[in-house]
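Chemist: structural data only, the sequence is not supplied:
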């Protein structure tokens, strides 16, 4: 009998160690990489570089917040990057060709993102096609349309955008404050409203949610629309940041957004994750490493490989954790 | 306190041609607990679903507090004061207790921000009401043990003012202390003037904790009487008292030595040293009511569910590791109860289905890659004839278009072709009509005649008595009784073991 309990104790200990590794292992690896960069390039951990990292994180961070909504309802949105592209093109065209004020361009970008999100949501909830395929299709369509609209040319934005791109408050880029505002609003919606809690419920057990009187399809649809809208903002912000929309605009960013969200605590299996501080931690960590790789002069290919490895690790940990979970 | 809270009069309900409820007449007095017992498939769930507004009754009347009651949806039932505590819990495991209880109507201010303090206060009150104040309202469901989750589910049922609470097998996943607590809560609810219907397979619980007992059999209420006037023997008799209507095939066979054994099977939280042995050519039946652990036992010894310790032995050789692939390699076959999901490729032809588990032996010549279509056709033809599968062309017809009985035969054919020596059958005649049942019994007998060892799980006592050489009875994840053919077969005896032995 004693033996049995001893064995059980040991097993429990092993289990705990495994859980600890699963919960924090990826942070340890990422932190170790940051230490590595600091040792290699002392410039890495300077205030100006940190501010730069925060600023670059902010743009994709907003898309990350959107991705959180979709991941919480157990969906996925591959189209985020191309949604950003087409939204930026729509906003940029209004700015350049019609001389609209910047705020109108932002609203147009949001609407463009919202439409793509609504299309995604419609096919996922009403036609019941798997989200991966639906959003992969909209990814391709959105990219094609953006390339068509720009004639595959670089689109230089009007100088008006420089005002926003260089705007600072307390020495910190305005982008960071926009990101923080989005995170705070999203956090309040997710934790303090009935709609937010129902999103988690739908992600946990959609059929159960329907049985309990929650309008499951509508809730999920909303999640995609929120994601799309935030991508619209992110796209336009990104364009302002760069001052130019080139044909490679945000290509591959969907991987950064999805992996950052999962590192930040969301799960591909749904029902999990907190935007605050998850979305911030996730995106800043990933951007810090991308920044570090650039600083040590790694080739562009290394960055692509890294992107693949990081999403693989994040998803692997997510899957292993999930299999032990009671539903 | 003898007003009538709920009255059912001559309720009937059919699905297609099958009449599930024939004549349900039942009364529930205010402040009373009514125990409802019956075999699997007697119609208990259907009856509850009619009450809960999930199904609509075909005829008859229901009176709630003397007023006619016809629920159109689960929402209606809730609004009328009928609450359900289901066997399977409907909780969101990623949310807190409070959030689960309020998921559809959270108190909120104009901005849509939820009033957490108010929710917390209500939940604390309600938890106290069911005597579960040790559960913190902020706990995430996933971190609660099953017993406490059950309490949360019960709390959910009283969030709206319920007058009648129906417990459907609430104790299956509870430990003894948790069970006692549950009964404490039920008694407390009763004192508050609520009326309770308690459905359970465990007669002992029904006898100690109810005021009245009703027996349901084949869609009819056979009896309803005061618990103090009831005795276990009569109740059991009424539960099984069906005439033997089926005829069973018999065959001459010799039963040899023990060939298949499972020794001291343990599974965390379920089985504790549960063993059985089967002799060559023997058909052993396992009977048990829902949740007794029959299916789980088969799955465990076939390696589908984890086994923490124990041995599976075939002809003196230990099968290790116990994993489905290795078990099949060693001549075991498991025919699961849901053939549509697990046993068949419905959109594929019979031929493809039948040769599926013996593809290796249907390859061309000595080659490794190509299938031998001629040989496939030959085997398929042999099987369809041997097992009398009714089909116009096994090479063309898809499995999905067959009747239930014929589908089951295809599943058998698939396994028989790969020539296993130990058959584990889980409800082999579920959803199969009477005629096809007879043919399936014949197939099972034939398997035994060819010196296979057969273990057969079933919910039908009568069927097991007709087919098996020996019957083991399971209750609460252990074997509580064993009966041998021609010696001590009796349906009452089996049911007695199945409801937990002595009452």
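Modeler: Right, received. Where do you want to start? It should be emphasised that the depicted structure is a prediction, and the values quoted were computed from it without experimental measurement. Residues are numbered from 1 along each chain as shown, chains lettered A, B, ... in the order given.
Chemist: would you mark the buried spots in stretch B:325-337?
Modeler: Residues of stretch B:325-337 classed as buried: B:327-328, B:330-337 (neighbour count, 16 or more other Cβ atoms under 10 Å in any protein chain shown). C-beta here means a position set from N, CA and C on the backbone, and glycine is covered the same way.
Chemist: pick out the most distant pair among these.
Modeler: B:330 and B:337 (22.6 Å; Cβ to Cβ).
Chemist: still on that earlier bit, how about the buried residues of stretch B:325-337 in TSV, adding distance to chain A, secondary structure and pLDDT?
Modeler: Converted to TSV, the buried residues of stretch B:325-337 look like this (distance: Cβ to the nearest Cβ, whole Å; DSSP: H, G, I helix; E, B strand; the rest coil; pLDDT from 0 to 100):
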residue	distance to chain A	secondary structure	pLDDT
B:327	22	helix	88
B:328	24	helix	86
B:330	27	coil	88
B:331	30	coil	88
B:332	26	strand	89
B:333	27	strand	89
B:334	23	strand	88
B:335	27	strand	88
B:336	21	coil	83
B:337	22	coil	79
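Chemist: any chance of these in a markdown table, plus distance to residue B:131?
Modeler: Shown next, in a markdown table, are those (distance: Cβ to Cβ, whole Å):
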| residue | distance to residue B:131 |
| --- | --- |
| B:327 | 46 |
| B:328 | 50 |
| B:330 | 51 |
| B:331 | 53 |
| B:332 | 47 |
| B:333 | 49 |
| B:334 | 43 |
| B:335 | 45 |
| B:336 | 40 |
| B:337 | 38 |
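Chemist: closest one to residue B:457 out of these, please.
Modeler: The closest of those, once distances to residue B:457 are taken by Cβ to Cβ, is residue B:337, at 7.9 Å.
Chemist: excluding its backbone neighbours, what's nearest that closest one?
Modeler: In this structure, residue B:337 finds its nearest non-sequential neighbour in residue B:427, 4.0 Å apart by Cβ to Cβ, 6 or more residues apart in numbering or on different chains.
Chemist: check residue B:312 too.
Modeler: Closest residue to residue B:312 apart from its sequence neighbours, by Cβ to Cβ, 6+ apart: residue B:319 at 4.6 Å.
Chemist: so that neighbour sits against residue B:313, correct?
Modeler: Yes. Between residue B:319 and residue B:313 a contact is recorded at 6.9 Å, counting by Cβ atoms under 8 Å.
Chemist: settle it for me: which of the two has more neighbours?
Modeler: Neighbours of residue B:319 and residue B:313, each counted by other Cβ atoms under 10 Å in any protein chain shown, are more numerous for residue B:319; the result is 22 against 17.
Chemist: and the gap between that one and residue B:101?
Modeler: Shown here: residue B:319 relative to residue B:101, a distance of 48 Å by Cβ to Cβ, to the nearest Å.
Chemist: who in chain A is up against chain B?
Modeler: Within chain A, the residues that sit near chain B (Cβ under 8 Å from any Cβ of the partner chain) are A:188, A:192-195, A:197-198, A:200-201, A:203-205, A:208-209, A:211-214, A:271-272, A:325-327.
Chemist: mind checking the SS state of residue B:196?
Modeler: Secondary structure assignment for residue B:196 (DSSP: H, G, I helix; E, B strand; the rest coil): strand.
Chemist: hmm, it is touching residue B:190, no?
Modeler: Yes. Applying Cβ under 8 Å, one finds residue B:196 in contact with residue B:190, separated by 6.3 Å.
Chemist: quick one: end-to-end distance for stretch B:77-90.
Modeler: One end of stretch B:77-90 sits 17 Å from the other (Cα to Cα, to the nearest Å).
Chemist: now it: average pLDDT?
Modeler: For stretch B:77-90, mean pLDDT rounds to 80.
Chemist: how about stretch B:398-411?
Modeler: pLDDT averaged over stretch B:398-411 gives 84.
Chemist: and the residue nearest the centre of chain B, what is it in contact with?
Modeler: Residue closest to the mean C-alpha point of chain B, counted by Cα atoms, centre = their mean, is residue B:290 at 3.8 Å. Neighbouring residues of residue B:290 by Cβ atoms under 8 Å, 6 or more residues apart in numbering or on different chains: B:40, B:169, B:172, B:201, B:459.
Chemist: which one of the residues you listed is nearest chain A?
Modeler: Distance to chain A across the contacts of residue B:290 (Cβ to the nearest Cβ) is lowest for residue B:172, with 16.3 Å.
Chemist: which secondary structure state does the nearest residue to the closest one once chain neighbours are set aside sit in?
Modeler: Residue nearest to residue B:172 in three dimensions, not counting chain neighbours: residue B:291, with 4.2 Å by Cβ to Cβ, 6+ apart. When classified by three-state DSSP, residue B:291 comes out as coil.
Chemist: mind checking pLDDT for residue B:291?
Modeler: Looking at residue B:291, its pLDDT is 76.
Chemist: re the thing from before, need the overlap of contacts for residue B:319 and residue B:313.
Modeler: Contact criterion Cβ under 8 Å, 6+ apart; residues shared by residue B:319 and residue B:313: none found.
Chemist: rewinding a little: so among the contacts of residue B:290, which ones count as buried?
Modeler: Buried among those (16+ other Cβ under 10 Å): B:169, B:172, B:201, B:459.
Chemist: tell me the one of these nearest residue B:97?
Modeler: Comparing the buried ones among the contacts of residue B:290 against residue B:97 with Cβ to Cβ places residue B:172 closest, at 21.6 Å.
Chemist: pretty sure the closest one sits in a helix.
Modeler: No. The assignment for residue B:172, made by three-state DSSP, is coil rather than a helix.
Chemist: roughly how far does it sit from residue B:123?
Modeler: Distance, residue B:172 to residue B:123, using Cβ to Cβ: 26 Å.
Chemist: cool, residue B:412 as well?
Modeler: Separation of residue B:412 from residue B:123 (Cβ to Cβ) stands at 53 Å.
Chemist: show me which of the two is the more surrounded one.
Modeler: Neighbour comparison, residue B:412 and residue B:123: the larger count goes to residue B:412, with 28 against 24 (by other Cβ under 10 Å).
Chemist: does that one count as helix, strand or coil?
Modeler: Going by three-state DSSP: residue B:412 is helix.
Chemist: work out the gap between stretch B:355-371 and the centre of the chain.
Modeler: 38 Å (Cα atoms, centre = their mean, to the nearest Å).
Chemist: buried residues, that stretch. List them.
Modeler: Going by neighbour count (16+ other Cβ under 10 Å), the buried part of stretch B:355-371 is B:355-358, B:362.
Chemist: any idea how many residues pack against residue A:282?
Modeler: Neighbourhood size, residue A:282 [other Cβ under 10 Å]: 31.
Chemist: try the one 5 residues further on
Modeler: The local packing count at residue A:287 equals 22, with neighbours defined by other Cβ under 10 Å.
Chemist: which non-adjacent residue is nearest it?
Modeler: Leaving aside its sequence neighbours, residue A:287 sits nearest to residue A:57 (Cβ to Cβ, 6+ apart; 4.3 Å).
Chemist: now the helix or strand harbouring that neighbour: buried residues?
Modeler: According to DSSP states H and E, residue A:57 maps onto helix A:47-72. For helix A:47-72, a neighbour-count test (16+ other Cβ under 10 Å) marks A:49, A:53-72 as buried.
Chemist: name the element the residue nearest to residue B:247 when sequence neighbours are not counted belongs to?
Modeler: Leaving aside its sequence neighbours, residue B:247 sits nearest to residue B:438 (Cβ to Cβ, 6+ apart; 7.1 Å). For residue B:438, the host element (DSSP H and E) is helix B:434-449.
Chemist: tell me the angle the following helix or strand past that helix makes with helix B:434-449.
Modeler: The helix or strand immediately downstream of helix B:434-449 is strand B:453-458, counting by DSSP H and E. Here the directions of strand B:453-458 and helix B:434-449 differ by 150 degrees (axes from the mean of the first three to the mean of the last three Cα atoms, to 10 degrees).
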